[in-house]
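1. here's a sequence, model it:
(2 chains)
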Amino acid sequence: MKIAVCIKRVPVMEVKFAIAKDGASVDETGLKYDVNDFDLWAVEAALQLNEKNAPGEVTVISLGPDAASEQIRKALSMGADKGVLLKADKVPGDAFAVAEALAAELKAGAYDVILFGKKSIDFDNSATGAMVGELLGLPVVTGVSKLEIAGGKGTAHRAVEGGVEVLEFPLPAIVTVDEGLNKERLPSLKGIMAAKKKPLETKPAQLGGAGVTVSKMELPPERAAGRIVGEGAAAVPELVRLLQSEAKVL
Amino acid sequence: MATEIAPAESFLPSPELRPREADLFNIDAALTEEERAVRDSVRRFVDEEVLPIIGKHYVDGTFPKHLIPKMGELGVFGANLPEEYGCAGLNNVQYGLIMQELERGDSGIRSFASVQGALVMYPIYAFGSEEQKRHWLPKMATGEVIGCFGLTEPDYGSNPAGMITVAREQADGSWVLNGAKMWITNGSQAHVSVVWAKAVPHGQTEVGDERTIRGFVVPTDTPGFRARDQKGKLSLRASDTSELILEDVRLPADAILPKSGGLKSPLMCLTQARYGISWGALGAAIACYEEAVSYSKNRVMFDKPIGAFQIQQVRLADMLTEIVKGQLVSLHLGRCKDLGTFTPQMVSLAKRNNVNIATDIAREARRLLGGNGILAEYASMRHMANLESVYTYEGTHDVHSLILGQAITGHSAFK
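-> Reported below is the predicted structural model:
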């Protein structure tokens, strides 16, 4: 079985973000990057499917700058077989431009299953996987929390409000992965060394035209300092009044 | 669309991979991608598997044995030895970063890995026959076989040349070992021990000097071999420390490490281990520093976080500065080790400095934490107590001073 996983290089979120001088992008100074975590679960799903349906091959594809090869190597060190970097110095905020480039690459690969994370934690569009499916004319299942592939078809569970939806689909298909499907494996130290020797091809991304552009970014307003209205039982009436009239939460 | 911006914590991909505040000096920039990848894998292993349980093991005085196969699967044992023996084939900086991260968990965890890799797998690799290497190394890399290193004796610690453990060669070429070893990490749980003894050839009765010291691979189920845990430790409590008793331990001729010869052989092992310790101690220091930073930002006293007081800022600035200096020392040492240009004196300098600053940092962190700092819930006092052992073992701080003193002046203060 041939499996492709599309992964994205995203900033590690444990920093205070600043807006760049252009007012419409994030200042990348000092940011550290990792694989989008939903995509890590997609990689793990691909590796597990590959282990169950051997022989097979897992290809990892990422669209991004040269530095995104580090994220591809991470997936290779987890056990994926080969990587493709679709090089774009700046990743467009419009998911459709990215989807067109990915679809162009995926079309030639004759993959049985193409996996994505449900969303990226930076732009948070939840759009790319579904758009690629549309461009390739393939069935798409999004936000999967359980996945089985057997006999040329797939079964997937999706969490829906208060329950579970069970879906069946023929292959080839596109599946986007939700939290809870698995926990990704740690790259073993041997895996990290082996990843150096695995093929990683770089080619220019054929980005589609962007229909949407980011015009402006703003930080959320600073939160005002808290206020102490009094002490003990005597303060309760004032507190209730403020919760009703000012905070409007009661 | 949600109108509230969630706090960053709630959608962290993996909180344990947060950029470390200890990297203000951007040491990361001096590491390759593969070096960082190794560090990050072990870092995450320690965050997920070690930190949640280590405090209880420390208080209970138990080594977390369940971690051994997991550490083997990750590949930390003998990680700088070649792949053909089942090891990861890493460079020495990667190996050092593993030690740093393991000791960020606990010195006992790092000690286990140091002994397994640098003190048992390394001598088998460096001094063993091809059969010995193929037999032992792959199983030790996975953690299926646990090793210990028997050099130190009750009366011969800093002066191993005086050891009284003796191996007498028999008429058929086999060996009989007698003696006792002490302060042996992993001793009671080991399957195999590399024991150092003065070898007496058949037909000779006189025991020779340090030049006769040879290494022997001793399966611990050999009759006459006993290990007894040393009780009452106030340091390295999450680690087994034992004495070994060898009473007429009969070994076949091929138990000897053929390429070992003289005291310099075990000292070469110690140089390997001490190199790792120079990194490991930084891990303990980083753990204490990060705990202190976090505490200083959250603990409010006199209506402001204690980190806003100058006295704590000086403490933290001193800690970070010493950590960064130590990292640069170990990093340079690792690069030299990879190039084959490092010397035991360089290792002495790094071990001596880095463990020393780590003991100071741990103590200062404990103090910054006030009363909470004495609780096992926090890591600093555990590290502080552990580091007293690390300060003392693998060449005491003082002995390393004398090694440096000899290198500087040309005069040996030992003899």
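2. and the strands in chain A?
-> A:2-7, A:9-11, A:33-35, A:57-64, A:82-87, A:113-117, A:140-150, A:153-160, A:163-170, A:173-177, A:200-204 (DSSP state E).
3. buried stuff in the top helix by length along chain A?
-> The single longest helix within chain A, with elements called by DSSP state H, is helix A:37-52. Residues A:37-47, A:49-50 are the ones in helix A:37-52 that count as buried (16 or more other CB atoms under 10 Å in any protein chain shown). For the C-beta atoms, the positions are set from N, CA and C on the backbone; glycine is no exception.
4. what is the burial count for residue 178?
-> All of this refers to chain A. Other residues within reach of A:Asp178, judged by other CB atoms under 10 Å in any protein chain shown, total 19.
5. chain B, not that one
-> Per other CB under 10 Å, the neighbour tally for B:Asn178 reads 16.
6. so what's the backbone phi/psi at it?
-> Backbone torsions for B:Asn178, taken as degrees, to the nearest 10, come to phi -140, psi 140.
7. test my guess that it contacts B:Leu246.
-> Yes - if you go by CB atoms under 8 Å, B:Asn178 and B:Leu246 touch, sitting 5.8 Å apart.
8. now do the helices in the stretch 301-415 of chain B.
-> B:310-339, B:344-368, B:380-392, B:397-409 (DSSP state H, counting those that start in this stretch).
9. reformat those helices as TSV; add distance to A:Ala99.
-> Converted to TSV, the helices of the stretch 301-415 of chain B look like this (distance: least, CB to CB, whole Å):
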stretch	distance to A:Ala99
helix B:310-339	43
helix B:344-368	50
helix B:380-392	50
helix B:397-409	60
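10. now do B:Arg134: how many residues are near it, please.
-> Using other CB under 10 Å, the number of residues around B:Arg134 comes to 13.
11. okay, and it sits in which element?
-> Following DSSP states H and E, one finds B:Arg134 within helix B:130-142.
12. ok, and what's touching that helix?
-> By CB atoms under 8 Å, 6 or more residues apart in numbering or on different chains, the surrounding residues in contact with helix B:130-142 are B:69, B:72-73, B:75, B:77-78, B:81, B:85-88, B:116, B:120-121, B:124-125, B:128, B:145-147, B:192, B:217, B:254, B:257.
13. would you mind measuring from the residue most central in space within chain A to B:Asp155?
-> Among the residues of chain A, the one closest to the centroid is A:Ser120, at 3.3 Å (CA atoms, centre = their mean). From A:Ser120 over to B:Asp155 the distance is 64 Å, taken as CB to CB, to the nearest Å.
14. now stretch B:240-247: buried residues?
-> Neighbour-count burial for stretch B:240-247 flags B:Asp240, B:Thr241, B:Ser242, B:Glu243, B:Leu244, B:Ile245, B:Leu246 (criterion: 16+ other CB under 10 Å).
15. OK, contacts around the residue nearest to the centre of chain A?
-> A:Lys8, A:Val10, A:Asn36, A:Phe38, A:Asp39, A:Thr128.
16. got a pLDDT number for it?
-> On pLDDT, A:Ser120 comes in at 95.
17. phi and psi next, for it.
-> Torsion angles, degrees, to the nearest 10, at A:Ser120: phi -100, psi 150.
18. mean confidence score for the helix holding B:Arg134?
-> On average, helix B:130-142 scores 98.
19. measure how far it is from the centre of its chain, please.
-> When C-alpha coordinates are averaged (CA atoms, centre = their mean, to the nearest Å), helix B:130-142 and its chain have centres 21 Å apart.
20. alpha carbons only: can I get that helix in CSV?
-> Output of helix B:130-142 as CSV, limited to C-alpha atoms (Å, rounded to 0.1, in the frame of the first residue of the first chain):
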residue,chain,number,x,y,z
GLU,B,130,34.8,-10.3,18.6
GLU,B,131,32.8,-13.2,20.3
GLN,B,132,32.4,-11.2,23.5
LYS,B,133,31.2,-8.1,21.6
ARG,B,134,28.7,-10.1,19.5
HIS,B,135,27.5,-12.0,22.6
TRP,B,136,27.0,-9.1,25.0
LEU,B,137,26.6,-5.7,23.2
PRO,B,138,23.3,-6.2,21.3
LYS,B,139,21.5,-7.5,24.4
MET,B,140,23.0,-4.7,26.5
ALA,B,141,21.9,-2.1,23.9
THR,B,142,18.2,-3.2,24.3
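21. got a list of contacts for the very next helix or strand once past that helix?
-> Downstream of helix B:130-142, the first helix or strand assigned by DSSP H and E is strand B:147-150. Residues outside strand B:147-150 that contact it (CB under 8 Å, 6+ apart) are B:115-116, B:119-121, B:123, B:136, B:140, B:165, B:181, B:184-187, B:190-196, B:218, B:220, B:227, B:242, B:244, B:269.
22. where in the chain is pLDDT low?
-> Let's take chain A. Chain A contains no residues with pLDDT under 70.
23. I was after chain B.
-> Within chain B, the ranges that satisfy pLDDT under 70 run B:1-22.
24. tell me where it has strands.
-> Taking DSSP E as the test, the strands found in chain B are B:147-150, B:166-169, B:175-185, B:192-200, B:213-219, B:225-229, B:241-251, B:300-301, B:304-305.
25. which parts of chain A sit against chain B?
-> Contact residues (CB under 8 Å from any CB of the partner chain) of chain A with chain B: A:10, A:12-15, A:32, A:34-37, A:40, A:70, A:73-74, A:77, A:121, A:186-190, A:192-193, A:196, A:220.
26. quick check: closest non-adjacent residue to residue 171.
-> Unless you meant another one, I'm taking chain A. Counting by CB to CB, 6 or more residues apart in numbering or on different chains, the nearest residue to A:Leu171 once its immediate chain neighbours are dropped is A:Asp112, at 4.9 Å.
27. switch to chain B, that's the one I care about
-> B:His202 (5.8 Å).
28. follow-up on the earlier one: make TSV out of the helices of the stretch 301-415 of chain B and add mean neighbour count.
-> Shown next, in TSV, are the helices of the stretch 301-415 of chain B (neighbours: other CB atoms under 10 Å in any protein chain shown):
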stretch	mean neighbour count
helix B:310-339	18
helix B:344-368	23
helix B:380-392	23
helix B:397-409	15
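29. go through those and name the closest to B:Ile374.
-> Distance to B:Ile374, taken as CB to CB, is lowest for helix B:380-392 among those, at 5.6 Å.
30. who does the closest one touch, helix- and strand-wise?
-> When contacts are defined as 3 or more CB pairs under 8 Å, 6 or more residues apart in numbering or on different chains; DSSP states H and E, helix B:380-392 sits against helix B:51-60, helix B:107-114, helix B:264-298, helix B:344-368.
31. helix B:397-409 and the last one, what's the angle between them?
-> For helix B:344-368 against helix B:397-409, the angle by axes from the mean of the first three to the mean of the last three CA atoms, to 10 degrees is 140 degrees.
32. any idea how far helix B:344-368 is from the chain center?
-> The chain centroid and the centroid of helix B:344-368 are separated by 14 Å under CA atoms, centre = their mean.
33. do the same with the first one
-> In terms of CA atoms, centre = their mean, the centre of helix B:51-60 is set 18 Å apart from its chain centre.
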